[in-house]
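Asks: Please find the sequence and the predicted model below.
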Amino acid sequence: MTPTNQNANSSMDDLLQALQKKYEQVKLGGGAKRIQKEHAKGKLTARERIDYLRDINTEFLEVGAFVADGMYAEEGGCPSGGVVTGVGYVSGRMCMIVANDATVKAGAWFPMTAKKNLRAQEIAMENQIPVIYLVDSAGVFLPMQNEIFPDKEHFGRQFRNNAKMSAMGIVQVAAIMGSCVAGGAYLPIMSDEAMIVDKTGSIFLAGSYLVKSAIGETIDNETLGGATTHCEISGVTDNKYDTDQDCLDAIRKIFDKIGHNPTAGFDRAEPQKAGMTGEELIATFPTERVKPYDMLLIIRGLIDGGDFDEYKADYGKTLICGTARVDGWAVGIVANQRKIVKTSKGEMQMGGVIYSDSADKAARFIMNCNQRKIPLVFLQDVSGFMVGSKAEHGGIIKDGAKMVNAMANSVVPKFTFILGNSYGAGNYAMCGKAYDPRLIYSWPTAQMAVMSGAAAANTLLQIKVAGLKKKGLVISPEDEKELLDEITSKYKEELSPYYAASRLWVDGVIDPRETRKVISMGIEAANHAPITERFNVGVIQT
């Protein structure tokens, strides 16, 4: 298939280079000097531990790489939230790996660290895959304790999840490879097996300084809560190991003996190559926000052999629905269309707007996929639902509600990718983060907000000017322009996919060529969790 947009390629290349540069910086954690300090203690870094633990020549799907990007500047930053999380393979078993990064504030927990850990546990629980915790953390970052300690989605929720996963039969194995203090001490001990590295690992509710302050006892940390103490005296930990590598080897031995559970039964055939090469795919997708393109080409570039069975191809054309395979897995695809088409009433540009007929089609298609046990993939480039008297009189709210209802109540796993725009209610209908996609990733071309940058900036300007005029202030055209520029700059920053990834509104920003990998690994993970609920959309007006 021949690329249709060569000019977009150079611009996409710039975005991809920026993505790679940003990711390489994230991988340094707290920086080269901090990495050297960990090595001097005989310790591996979080990413080195994960690389050593994982099966050779297998994929790793990182979740939340850009968490806290640009946040906590006054505290010196918190790259990747001070923890590395992702789905990988250990002794042939797919699992969630959570590794504290001690190069970042000694692995201390910031508010976004808690949110990222909870997201990792959520993925494990939804997909019923084992969890490996590689613990090396100084505990809660005390200057921000009020933002991390007491609420429902704060630090304590992870221990609740430990207990829930244990009851669900989800295997949890923890390795204490550095500090493990205060409330954080419960995480490894609420796991099925807790291991500890001698001399570098320690676990206690209160360290030696706090013990001295609280009860006047003088004791060193090793005697208080080191590997020998907890393996030979308290029995808190199960076994001790001389090095990080020895401990990780022991985890691999545990995982090569775990039994197998029933699967969900999602269909997989022999994988085939995609309908386009990766280079053709990125050349086909335009980076210009307003440029129309044919989403069908993008779909064919992502699926096996480009073989797409479209549903209701001639009806509701602003949404594309159909079935295909990705890396052998059967999928149902719902995607926004943005090309210009000829209709009986003339030309119509499908600028990612959802009309009544499109919403109705998508709702019926989603129902079919649930009936047939086919996972759903949403490809977002959506401006929202159609507005105006014609749309309102035609029942756009009713049809939109029908689509949202079907999507929200879907029991098959859902996977969402934001390719371009993701605005307003369109984000919701196309399975945004609020609607429980198993995974949600952005391309570097994505933008997420209530409305487009230009529309929002002008609206915010009108509100600002009206407020100033009420105060009796005179606003010159020059002042208005300066205000507009200021508002536009701030809003554009908030539209960035990295802004969304920083706050974990998406699980990450990926190279478009990684999309097939995310879908395939996502469905493989989901296949570990049999569907126990029946699809029921509740009350829908027809």
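Replies: Yep, that arrived. Numbers count the residues shown, from 1 in each chain.
Asks: For the helix or strand hosting residue 363, which outside residues touch it?
Replies: Element membership for residue 363 (DSSP states H and E) is helix 356-372. If you take C-beta atoms under 8 Å, 6 or more residues apart in numbering as the criterion, helix 356-372 is touched by 311-312, 315-319, 321-323, 332, 334, 354, 374-376, 385-386, 391, 394-396, 399-400, 402-403, 405-407, 410-412, 429, 535, 537, 540. Just so you know, the C-beta spots here come from the backbone N, C-alpha and C atoms, and that holds for glycine as well.
Asks: Got a ChimeraX select line for the buried ones in the residues you listed?
Replies: Per 16 or more other C-beta atoms under 10 Å, the buried members of the contacts of helix 356-372 correspond to this ChimeraX selection:
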select :311,312,316,317,318,319,321,322,323,332,334,354,374,375,376,385,386,391,396,399,400,402,403,405,406,407,410,412,429,535,537,540
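Asks: Can you give the domain ranges for this structure?
Replies: 12-256, 278-446+506-528, 451-495 (the TED database).
Asks: The stretch 101-250 of the chain: helices as residue ranges?
Replies: 111-127, 157-168, 186-189, 208-215, 221-225, 227-228, 244-255 (DSSP state H, counting those that start in this stretch).
Asks: what stretches of the stretch 351-500 of the chain score poorly on pLDDT?
Replies: The model of the stretch 351-500 of the chain has pLDDT under 70 over residues 451-457, 460-461, 491.
Asks: Ignore what I typed, I meant the chain.
Replies: 1-10, 341-350, 451-457, 460-461, 491, 538-542.
Asks: if we go to 50?
Replies: 1-8 (pLDDT under 50).
Asks: just to revisit the earlier point, tell me which of the helices of the stretch 101-250 of the chain sits nearest to residue 422.
Replies: helix 111-127 (18.8 Å; C-beta to C-beta).
Asks: Show me what that closest one packs onto, helices and strands only.
Replies: Here helix 111-127 touches strand 61-63, strand 83-90, strand 93-100, strand 131-137, helix 157-168, helix 515-526, going by 3 or more C-beta pairs under 8 Å, 6 or more residues apart in numbering; DSSP states H and E.
Asks: can you give me the offset of it from its chain's centre?
Replies: Its chain's average C-alpha position is 10 Å from that of helix 111-127, according to C-alpha atoms, centre = their mean, to the nearest Å.
Asks: next one: stretch 173-180
Replies: With C-alpha atoms, centre = their mean, you get 25 Å for stretch 173-180.
Asks: Which stretches in the stretch 251-400 of the chain count as strands?
Replies: Per DSSP state E, counting those that start in this stretch, the stretch 251-400 of the chain carries strands over the ranges 309-310, 319-326, 329-336, 340-343, 346-349, 353-354, 376-382, 384-385.
Asks: Most tightly packed of the ones you listed?
Replies: strand 376-382 (a mean of 26; mean count of other C-beta atoms under 10 Å).
Asks: Neighbouring strands of it in the sheet, and parallel or not?
Replies: strand 329-336 (parallel), strand 414-423 (parallel) (DSSP bridges).
Asks: any idea of the angle it forms with strand 319-326?
Replies: Angle, strand 376-382 to strand 319-326, by axes from the mean of the first three to the mean of the last three C-alpha atoms, to 10 degrees: 140 degrees.
Asks: Let me have the strands of the stretch 251-400 of the chain in TSV, adding distance to residue 79 as columns.
Replies: Formatted as TSV, the strands of the stretch 251-400 of the chain follow (distance: least, C-beta to C-beta, whole Å):
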stretch	distance to residue 79
strand 309-310	43
strand 319-326	32
strand 329-336	33
strand 340-343	43
strand 346-349	42
strand 353-354	38
strand 376-382	27
strand 384-385	34
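Asks: Strands of the stretch 401-542 of the chain, start to end?
Replies: Counting by DSSP E, counting those that start in this stretch, the stretch 401-542 of the chain has strands at residues 414-423, 439-442, 447-449.
Asks: okay if I get those as JSON lines plus mean neighbour count and distance to residue 362?
Replies: Formatted as JSON lines, the strands of the stretch 401-542 of the chain follow (neighbours: other C-beta atoms under 10 Å; distance: least, C-beta to C-beta, whole Å):
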{"stretch": "strand 414-423", "mean neighbour count": "26", "distance to residue 362": "13"}
{"stretch": "strand 439-442", "mean neighbour count": "25", "distance to residue 362": "18"}
{"stretch": "strand 447-449", "mean neighbour count": "21", "distance to residue 362": "20"}
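Asks: of all the ones you listed, which lies closest to residue 134?
Replies: The nearest among the strands of the stretch 401-542 of the chain, by C-beta to C-beta, is strand 439-442 at 21.7 Å.
Asks: hey, C-alpha coordinates of the closest one in PDB?
Replies: In PDB, the C-alpha atoms belonging to strand 439-442 read as follows (Å, rounded to 0.1, in the frame of the first residue of the first chain):
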ATOM      1  CA  LEU A 439      -5.500  -0.100  28.300                       C
ATOM      2  CA  ILE A 440      -5.600   3.400  26.800                       C
ATOM      3  CA  TYR A 441      -2.700   4.900  24.900                       C
ATOM      4  CA  SER A 442      -2.100   8.100  22.900                       C
END
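Asks: Report all helices and strands that that strand contacts.
Replies: Looks like strand 439-442 contacts strand 414-423, helix 497-502, helix 515-526 (3+ C-beta pairs under 8 Å, 6+ apart).
Asks: Tell me which of those lies nearest to residue 105.
Replies: Using C-beta to C-beta, the helices and strands packed on strand 439-442 put helix 497-502 closest to residue 105, at 16.8 Å.
Asks: for that closest one, packing partners?
Replies: Partner elements for helix 497-502 (3+ C-beta pairs under 8 Å, 6+ apart): strand 439-442, strand 447-449.
Asks: if I pick residue 105, what's in contact with it?
Replies: By C-beta under 8 Å, 6+ apart, the neighbours of residue 105 are 30, 75, 76, 78, 82, 138, 141.
Asks: The residue nearest to residue 447 when sequence neighbours are not counted - how many residues pack around it?
Replies: Spatially, and ignoring its direct neighbours in sequence, residue 447 is nearest to residue 495 (4.3 Å; C-beta to C-beta, 6 or more residues apart in numbering). Residue 495: 18 surrounding residues under other C-beta atoms under 10 Å.
Asks: What distance do you get for the closest residue to residue 229 other than its chain neighbours to residue 230?
Replies: Spatially, and ignoring its direct neighbours in sequence, residue 229 is nearest to residue 223 (6.4 Å; C-beta to C-beta, 6+ apart). Using C-beta to C-beta, to the nearest Å, residue 223 is found at 11 Å from residue 230.
Asks: So for these two, which residue has more residues nearby?
Replies: Comparing residue 223 with residue 230 by other C-beta under 10 Å, the one with more neighbours is residue 230, at 23 against 11.
Asks: Wait, that one touches residue 237, no?
Replies: Yes - Residue 230 is within contact range of residue 237, at 4.2 Å (criterion: C-beta atoms under 8 Å).
Asks: overlap in contacts of those two?
Replies: Counting by C-beta under 8 Å, 6+ apart, the residues touching both residue 230 and residue 237 are 196, 203.
Asks: what about the helices and strands packed on helix 111-127, which gets the closest to residue 245?
Replies: strand 131-137 (12.5 Å).
Asks: Paired strands for the closest one, with orientation please.
Replies: Here, using DSSP bridges, strand 131-137 pairs with strand 93-100 (parallel), strand 172-181 (parallel).
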